[in-house]
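K.L.:
Generate coordinates for the sequence data below:
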Amino acid sequence: MVFPTQEVNDLLWVWPDARAADLAARTPLPLSPQIDASKGFVWSSLVRDLEYDWQTLVENVADPSHVPFTHHGIQGYRTKAAPIAMKIIQSTARVIAAETDRRFKTRITFVPPCRLEYEICFSSEKQIGLVTYCLPVLPGKSRLVAQFTRNFAPMLHQITPRWWTHIKTRNMVLDGDMIILHQQERCLQQQQESWQTAYLMPTQADRLVIEFRKWFDKYCHGRLPWQEVGVVSPEILPINENRQVLLDRYEQHTRHCSSCRGALKAVQRWQKILLAYFALTVAAVALMPDSMKLPLGLPAILTALLGLGLYSWLKLWLEPRFYFVDYVHPDRK
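P.N.:
Below you'll find the model as predicted:
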């Protein structure tokens, strides 16, 4: 069976009906105006599977006020958190848009059913953005496709490996959300309350989440159509206490990401090379005549020791970041 596909903006779009190629060709893709190289924008992408539901994912992305608390030390600081004045400027079946104007003017737009994006203006010319596609996978599981955009510093974008930003920032942010949102979602399910009674949202920063919830109730009856597509959804999803599974970067991201997968293979290959170099160098120096050990052997041993130090860094610090890094919020001082 062959499905209609298009490759646009570094993403592969699939129409899941092999018999509707004409309809697929006529239907506009949910593209963001920020992903436009002709306007000077550059962007990098990230995909990761998440251990919480689609509606929880949308809520989280739509809530900027959680950032300095959940992502303390990565994307803000708790001590610098401040109220966010947000106003809804549009709310229809096809689009919900909000604006904030605290430090930088920001527009947040939700285009159902999956695109939620930020446009942050530093000045009349400089702009950064976050374009997310929030995709349901199974009850209690979702997938995030994120594109990070800006219209300045294109050279920095070209020289920064995508895998480096993934292990240094992007995956750490998602790790910080994962533990909290997975357990929060399951606990709310156990209460079996509606969001109107289970949530306390008294601030302006909550307005976009409220509008999303109203939209979801009005147009989706507060649920995704899992039964209609043959997926059995338990009333209460179990809480997974295994942090190794919840924060499994390899299964959720690395093995699907060409940049991270390639970097991991290179890291493992360099470890073998460095160990082999160390062993061969030590053996060669041991066999040298005494007269050569000081002028030739000593420099060789020093380079072998430097290589061993690099091996240790690759093995103990870099390689684990493609697999699992525990994220304990109280430890982030």
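K.L.:
drop to CA atoms for contacts and neighbour counts, all remaining ones
P.N.:
Noted.
K.L.:
how would you label the most far-flung residue of the chain relative to its centre: helix, strand or coil?
P.N.:
No residue in the chain sits farther from the centre than Ser291, which is 57.5 Å out by C-alpha atoms, centre = their mean. Recorded secondary structure, Ser291: helix (DSSP: H, G, I helix; E, B strand; the rest coil).
K.L.:
again with the one 3 residues further on
P.N.:
Under the three-state scheme (three-state DSSP), Leu294 adopts helix.
K.L.:
how close does it sit to Gly309?
P.N.:
For Leu294, the distance to Gly309 (C-alpha to C-alpha, to the nearest Å) stands at 22 Å.
K.L.:
Now do the helices for the stretch 151-300 of the chain: every range, in order, please.
P.N.:
With helices called from DSSP state H, counting those that start in this stretch, the stretch 151-300 of the chain shows them at 154-159, 162-165, 171-191, 195-198, 207-220, 243-246, 249-252, 258-287, 290-292, 298-313.
K.L.:
Tell me the gap between the fifth one and the middle of its chain.
P.N.:
Taking C-alpha atoms, centre = their mean, to the nearest Å, one finds the center of helix 207-220 at 24 Å from the center of the full chain.
K.L.:
mind checking which of the helices of the stretch 151-300 of the chain is nearest Pro64?
P.N.:
Among the helices of the stretch 151-300 of the chain, helix 207-220 comes nearest to Pro64, with 9.7 Å by C-alpha to C-alpha.
K.L.:
which outside residues touch that closest one?
P.N.:
With C-alpha atoms under 8 Å, 6 or more residues apart in numbering as the test, helix 207-220 has contacts from 59, 62-63, 86-88, 91, 93, 96-98, 195, 222-223.
K.L.:
Buried residues in it, which are they?
P.N.:
Using 16 or more other C-alpha atoms under 10 Å as the test for burial, helix 207-220 gives Arg207, Leu208, Val209, Ile210, Glu211, Phe212, Arg213, Lys214, Trp215, Phe216.
K.L.:
And the average pLDDT for it is what?
P.N.:
Average pLDDT, helix 207-220: 96.
K.L.:
What lies in contact with stretch 239-248?
P.N.:
Glu51, Asp175, Met178, Ile179, His182, Gln183, Arg186, Tyr323, Phe324, Val325, Asp326.
K.L.:
cutoff 6 Å now
P.N.:
Residues outside stretch 239-248 that contact it (C-alpha atoms under 6 Å, 6 or more residues apart in numbering) are Phe324.
K.L.:
go on, stretch 2-9?
P.N.:
For stretch 2-9, the external contacting residues (C-alpha under 6 Å, 6+ apart) are Leu12, Trp13, Val14, Trp15, Ala18, Ala21.
K.L.:
Show me which of the residues you listed are buried.
P.N.:
Buried members of the contacts of stretch 2-9, counted by 16+ other C-alpha under 10 Å: Trp15.
K.L.:
can I get the contacts of stretch 2-9 in CSV with distance to Gln271 and secondary structure?
P.N.:
Formatted as CSV, the contacts of stretch 2-9 follow (distance: C-alpha to C-alpha, whole Å; DSSP: H, G, I helix; E, B strand; the rest coil):
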residue, distance to Gln271, secondary structure
Leu12, 34, strand
Trp13, 38, strand
Val14, 39, strand
Trp15, 43, coil
Ala18, 46, coil
Ala21, 48, helix
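K.L.:
List just the nearest of the contacts of stretch 2-9 to Leu316.
P.N.:
Nearest to Leu316 out of the contacts of stretch 2-9 is Leu12 (C-alpha to C-alpha; 35.1 Å).
K.L.:
follow-up on the earlier one: the helices of the stretch 151-300 of the chain: which one's closest to Leu29?
P.N.:
Using C-alpha to C-alpha, the nearest of the helices of the stretch 151-300 of the chain to Leu29 is helix 207-220, at 20.8 Å.
K.L.:
Dump the helices of the stretch 151-300 of the chain into JSON lines; add distance to Glu119 as well.
P.N.:
Shown next, in JSON lines, are those (distance: least, C-alpha to C-alpha, whole Å):
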{"stretch": "helix 154-159", "distance to Glu119": "18"}
{"stretch": "helix 162-165", "distance to Glu119": "20"}
{"stretch": "helix 171-191", "distance to Glu119": "19"}
{"stretch": "helix 195-198", "distance to Glu119": "28"}
{"stretch": "helix 207-220", "distance to Glu119": "15"}
{"stretch": "helix 243-246", "distance to Glu119": "30"}
{"stretch": "helix 249-252", "distance to Glu119": "27"}
{"stretch": "helix 258-287", "distance to Glu119": "26"}
{"stretch": "helix 290-292", "distance to Glu119": "64"}
{"stretch": "helix 298-313", "distance to Glu119": "38"}
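K.L.:
Output the contacting helices and strands for the helix or strand hosting Val47.
P.N.:
Element membership for Val47 (DSSP states H and E) is strand 42-50. Here strand 42-50 touches strand 141-150, going by 3 or more C-alpha pairs under 6 Å, 6 or more residues apart in numbering; DSSP states H and E.
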